[in-house]
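Colleague: sharing a sequence plus its predicted fold:
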Amino acid sequence: MFRKTTIAAALAASIACMPAHAETPGVTESEVKIGATFPFSGPASPLSNTGKGLIAYVNSINDRGGINGRKINLITYDDAYSPPKTVEQTRKLIESDEVAFLFGPLGTPGISATIKYVNAKKVPHLFVVSGVTKFTNFAEFPMTTTGLPSYDTEGRIYAKYITQTRPDAKIAILYQNDDLGKDFVNAFKGYLKEGFDKKVVVSSYEVTEPTIDSHVVSLKASGAEAFLVAGTPKFAAQAIKKADEIGWKPLFLINFVSSSVSSTIVPAGPEKAVGIVAATITKDPDDKKWTGDPGIKWYREHFAKYLPGADIGDANYLFGTQQGQLLEQVLKQCGNDLSRENIVKQSRSIRGLSLPTAIPGITINTGPENSKAYTQLQLQRWTGSSWEQFGDVLSAEGN
């Protein structure tokens, strides 16, 4: 009897000491279930290649045996860049599929529509693909971390570059009429302060508009000598084509999410984009500068195996691959404790992580109250055949 009691006590003690992952939805001894939404269709569909890059990297993880003995079951749904659809699919992931956490959902409108719900459900909402400033509010959204450089940081870097390069220039901003575009406008207001109203003219567009040609014509008529497009690839490509068509040659900038060669530059016409400036965090695999780079060599091999037939020049695939590496890092740091509390903790505990396809000098550092994966950016200029980096890596501080 004494022996049976001792065994029972030992079993009870071992159960009490088991890691919290046993109670986390979507986690078993052999699998961790993760969810995300992407605009595989709709006006922002080129950006969904980020999701395809993430899926491909997760497949490579699983081929290597998973992480800590667990394969990743990544469930993705198409939200068509439509907030009501994002709400529907996000609820499905959490309530029906019972994922352990969400990782890398893409699209500012959809994230805006779901972030309060996800945080209220206390589901980790990691490295969302948006740089909207309000998503980094740790007090309001403690379960959320962001996977893009802050639009505020990016916007301030552009404002600084324009004013240093063309100090007397009038500036035109064409922006997507949502939190993405508004953050860039607010960044210029913050940087230029009282000079904003004198120096800047703005025009907004809706993602449902078939073309933004009339906006470009109007902004040229304002006499602006510098032009920033803050939106998504389809509209950035339209702006490049229209500016060339009407003979407008301003100091031209596009935002990072629209800087893909395949999604923006090629549809616009590479020769029409010469001289355009954008910020980046990634190496361009088509740039001969990186031919012998170990990180790009690895990426080319990975791409050939897991994304055969896709366009390696599309930076969205590369960014999705980096997202996959961030997911891998978080899960490795979690060890065998896959409680939701620890998952969030580890996503905010990344130190000095250098990714093989990131621009040298750009590292990932997250802290207890820092939800941003990237706080550094590198400016680059389109030469007609590739992006060419120039100047120093710029950080959030001092810009």
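Modeller: Thanks, I have the structure now.

Colleague: poorly predicted segments of the stretch 51-200 of the chain, please.
Modeller: Low-confidence regions of the stretch 51-200 of the chain, defined here as pLDDT under 70, do not occur.

Colleague: go with 90
Modeller: Low-confidence segments of the stretch 51-200 of the chain, defined by pLDDT under 90: 133, 136-138, 148-150.

Colleague: can you pull out the helices in it?
Modeller: Under the criterion DSSP state H, counting those that start in this stretch, helices of the stretch 51-200 of the chain are mapped to 83-91, 108-120, 151-165, 179-192, 196-199.

Colleague: can you verify my assumption that Thr153 contacts Thr375?
Modeller: Yes: in this structure, Thr153 is within contact of Thr375 by CB atoms under 8 Å, at 6.6 Å. Where you see a C-beta, it was placed from the backbone N, CA and C, and this is true even at glycine.

Colleague: who has more neighbours, the two?
Modeller: Neighbour count, other CB atoms under 10 Å: between Thr153 and Thr375, Thr153 has more, with 24 against 18.

Colleague: how near is that one to Thr136?
Modeller: Counting by CB to CB, to the nearest Å, the separation of Thr153 from Thr136 is 10 Å.

Colleague: do Lys33 as well
Modeller: Going from Lys33 to Thr136 by CB to CB gives 26 Å.

Colleague: not counting its neighbours along the chain, what's nearest Gly223?
Modeller: For Gly223, ignoring the flanking residues on the chain, the nearest one in space by CB to CB, 6 or more residues apart in numbering is Lys170 at 5.6 Å.

Colleague: residues near the one you found, how many?
Modeller: Neighbourhood size, Lys170 [other CB under 10 Å]: 17.

Colleague: what sits against it?
Modeller: Lys199, Val200, Val201, Ser222, Gly223, Ala224, Glu225, Ala226 (CB atoms under 8 Å, 6 or more residues apart in numbering).

Colleague: for the helix or strand that Ile296 is a member of, name the packing helices and strands.
Modeller: Using DSSP states H and E, Ile296 falls within helix 294-306. For helix 294-306, the packing partners by 3 or more CB pairs under 8 Å, 6 or more residues apart in numbering; DSSP states H and E come out as helix 49-63, helix 315-334.

Colleague: touching that helix from outside, list them.
Modeller: By CB under 8 Å, 6+ apart, helix 294-306 touches 56-57, 59-60, 283, 285, 290, 310, 312, 317-318, 321, 355-358.

Colleague: and of the residues you listed, the nearest to Gly195?
Modeller: Gly195 has its nearest neighbour among the contacts of helix 294-306 in Ala358, at 34.1 Å by CB to CB.

Colleague: from memory the closest one sits against Trp290, does it?
Modeller: No: Ala358 is beyond contact range of Trp290, at 11.6 Å (criterion: CB under 8 Å).

Colleague: looking at these two, which one has more neighbours?
Modeller: Ala358 (22 against 18).

Colleague: report the contact partners of the more buried one.
Modeller: Ile281, Thr282, Lys283, Gly295, Gln322.

Colleague: which residue, other than its chain neighbours, is closest to Val132?
Modeller: Asp179 (4.4 Å).

Colleague: which residues touch the one you found?
Modeller: Counted by CB under 8 Å, 6+ apart, Asp179 has contacts Thr108, Pro109, Ser112, Ser130, Val132, Lys134.

Colleague: for the residues you listed, work out which two are farthest apart.
Modeller: Pro109 and Lys134 (13.1 Å).

Colleague: what about these two, which has more around it?
Modeller: Between Pro109 and Lys134, counted using other CB under 10 Å, Pro109 has the larger neighbour count: 21 against 14.

Colleague: quick revisit: highest mean neighbour count out of the helices and strands packed on helix 294-306?
Modeller: Highest mean neighbour count among the helices and strands packed on helix 294-306 (mean count of other CB atoms under 10 Å): helix 315-334, with a mean of 23.

Colleague: any idea how far that one is from the chain center?
Modeller: Mean-position distance between helix 315-334 and its chain equals 11 Å (CA atoms, centre = their mean, to the nearest Å).

Colleague: counting contacts, what elements does it pack onto?
Modeller: Packing partners of helix 315-334 (3+ CB pairs under 8 Å, 6+ apart): helix 49-63, strand 125-128, helix 294-306, helix 340-347.

Colleague: rerun that using 7 Å as the cut-off
Modeller: Applying 3 or more CB pairs under 7 Å, 6 or more residues apart in numbering; DSSP states H and E, one finds that helix 315-334 contacts helix 49-63, strand 125-128, helix 340-347.

Colleague: coming back round to it: out of the helices of the stretch 51-200 of the chain, which is closest to Ile75?
Modeller: Across the helices of the stretch 51-200 of the chain, Ile75 has its closest neighbour in helix 83-91 (9.8 Å, CB to CB).

Colleague: in the closest one, what counts as buried?
Modeller: Of the residues in helix 83-91, Pro83, Lys85, Thr86, Val87, Gln89, Thr90 count as buried by neighbour count, 16 or more other CB atoms under 10 Å.

Colleague: between the contacts of Lys170, which is closest to Val257?
Modeller: Nearest to Val257 among those, with distances taken as CB to CB, is Ala226, at 19.8 Å.

Colleague: identify the bridge partners of that closest one.
Modeller: Ala226 has the following beta-bridge partners by DSSP bridges: Ile171, Leu251.

Colleague: what's the separation between it and Thr165?
Modeller: With CB to CB as the criterion, Ala226 and Thr165 are 8 Å apart.

Colleague: and Lys297, by the same measure?
Modeller: 35 Å.

Colleague: settle it for me: which of these two has more neighbours?
Modeller: Between Lys297 and Thr165, Lys297 has the larger neighbour count (other CB under 10 Å), namely 14 against 11.

Colleague: quick revisit: which one among the contacts of Lys170 gets closest to Asp392?
Modeller: Among the contacts of Lys170, Ala226 lies closest to Asp392 (CB to CB), at 21.1 Å.

Colleague: that closest one against Ile171, yeah?
Modeller: Yes: using CB atoms under 7 Å, Ala226 is in contact with Ile171, at 4.6 Å.

Colleague: any residues in contact with both of the two?
Modeller: Common neighbours of Ala226 and Ile171, using CB atoms under 7 Å, 6 or more residues apart in numbering, are Ile162.

Colleague: so between the two, which is more surrounded?
Modeller: Using other CB under 10 Å, the more surrounded residue of Ala226 and Ile171 is Ile171, with 26 against 23.
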